[in-house]
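Participant: Mind folding the following:
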Amino acid sequence: MGLVPFFTEGWFGRKATSASDNSWEISLNEIVNQITGGTSNYGATSTYGGGSGGAFMAAVKKNFKDNGANALATTLLLPVAVTVGTKVARKQINMVNRLAAPIMKPLGVKL
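Facilitator: Numbers count the residues shown, from 1 in each chain. Alright, predicted model coming up:
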């Protein structure tokens, strides 16, 4: 599921699209409904975990199992990669900033 369907589906009567028609995909609306005890048809047809609460937790566990390692690696390695990339490209970044400064300064953008 992409970010747009994750944040928008289920709000203001918006129905699920093909981006989230998988029973293992959870939208923000379903998470909020689960936390607040609101009405949700999440897992209504699922036999996993016995009921919608159990189905919700089964989906969360499956998502962590399937994607947890990638999420953890991204969380840990991305800041390191950005730091190293910035140090490696420092000369090029400074050159672009010097070239862009005359254009951006009248617009009020500091480089």
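
Participant: Could you name the helices and strands sitting against the longest helix seen in the chain?
Facilitator: Longest helix of the chain, by residue count under DSSP state H: helix 52-88. Helices and strands touching helix 52-88, by 3 or more C-beta pairs under 8 Å, 6 or more residues apart in numbering; DSSP states H and E, are helix 28-36. For every residue, glycine as well, the C-beta is placed using N, CA and C.

Participant: one step back: can you state the direction angle for the longest helix of the chain and helix 28-36?
Facilitator: Between helix 52-88 and helix 28-36, the angle comes out at 120 degrees (axes from the mean of the first three to the mean of the last three C-alpha atoms, to 10 degrees).

Participant: and after helix 52-88, which helix or strand comes next?
Facilitator: Later in the chain than helix 52-88, the nearest helix or strand by DSSP states H and E is helix 90-104.

Participant: Now do that next one against helix 52-88, angle only.
Facilitator: Using the same axes, to 10 degrees: helix 90-104 against helix 52-88 is 90 degrees.

Participant: Need the residues that contact helix 90-104.
Facilitator: T86, K110, L111 (C-beta atoms under 8 Å, 6 or more residues apart in numbering).

Participant: what is the rounded mean pLDDT of that helix?
Facilitator: Mean pLDDT, helix 90-104: 92.

Participant: What's the local residue count around V32?
Facilitator: Neighbours of V32 under the rule other C-beta atoms under 10 Å: 13.

Participant: Run a quick check on F6 versus E30, I expect a contact.
Facilitator: No: assessed by C-beta atoms under 8 Å, F6 is found out of contact with E30, at 9.8 Å.

Participant: And these two? Which one has more around it.
Facilitator: When neighbours are counted by other C-beta under 10 Å, E30 comes out ahead of the other of F6 and E30, with 23 against 18.
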